[in-house]
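Asker: below is the sequence, then the predicted model.
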Amino acid sequence: MPRSGADPARCRGAPGVRGGGRGLRRRANVGLDEYLVASANRWRLAEAFAELFQEVDVLLAPLATASPPQIDDEAPDQQAWEALGLHMVPENLLGLPACAVRAGFDSAGLPIGVQLVGAPGADALVLAAAQTFFEATAAVQERWPGDLCI
C-alpha cells in the first residue's frame, strides 16, 4: 500500500526503477507450495543462527566480498549489483540486529565495511560492539575516500 498521499500510478514505471515494479509483482505471485518451502527454510535458518548465538555474542561479517561495479559502466554487471546485498539477506530475513561499520578501503580507494550482528533482542550489545570496533579503528574512521566524485 502506498504511503499516504503517494500516487500508485506514478510509482509504476518510475524513472530509475528497473522494470517499473514488474519484478516485484512477479516475485509477489508465490504459490502455497513455494511459500511453505520458503517458510520452512526460514525456520531452519533461524535455528542455525540461534545455535550460533549460543556460542558467540556478536558475529562480525563482511558487507560485500567484492568492490561495487562502476555506476557509469556502459554495460553494468547486473550480477555484481545483485551480489552487493547478499551478505545481509539472512540478517534482514530474520530481523536480527546489525550495524555496519567501515573497516578499510579497497585498492580503488572505496570504503569496505563489516557488519556486526547479534541475536534477537541484542540491539544494545550490537551497538556497543560497533562503537568499540569504531573506536579501535580510529585511523580508518578518520580517513575518507579520495576525490572520487566526477
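Answerer: In hand now; what should we look at?
Asker: assumed residue 75 was part of a helix.
Answerer: No - Residue 75 is assigned coil when assessed by DSSP: H, G, I helix; E, B strand; the rest coil, not a helix.
Asker: count the residues that sit near it.
Answerer: Neighbour count of residue 75, defined by other Cβ atoms under 10 Å: 6. The way it works is simple: take the backbone N, C-alpha and C, and place the C-beta from them, glycine included.
Asker: so how far is residue 66 from it?
Answerer: Distance of residue 75 to residue 66, computed by Cβ to Cβ, to the nearest Å: 17 Å.
Asker: again, but for residue 54
Answerer: In terms of Cβ to Cβ, residue 54 sits 31 Å off from residue 66.
Asker: those two - which one has more neighbours?
Answerer: Neighbour totals were compared for residue 54 and residue 66, and residue 66 leads with 11 against 8 (other Cβ under 10 Å).
Asker: what helix or strand does the more buried one sit in?
Answerer: Using DSSP states H and E, residue 66 sits within no helix or strand.
Asker: what segments of the chain are helices?
Answerer: Using DSSP state H, the helices of the chain run over 8-11, 22-28, 32-55, 78-83, 89-94, 123-136, 138-142.
Asker: all set now, cheers.
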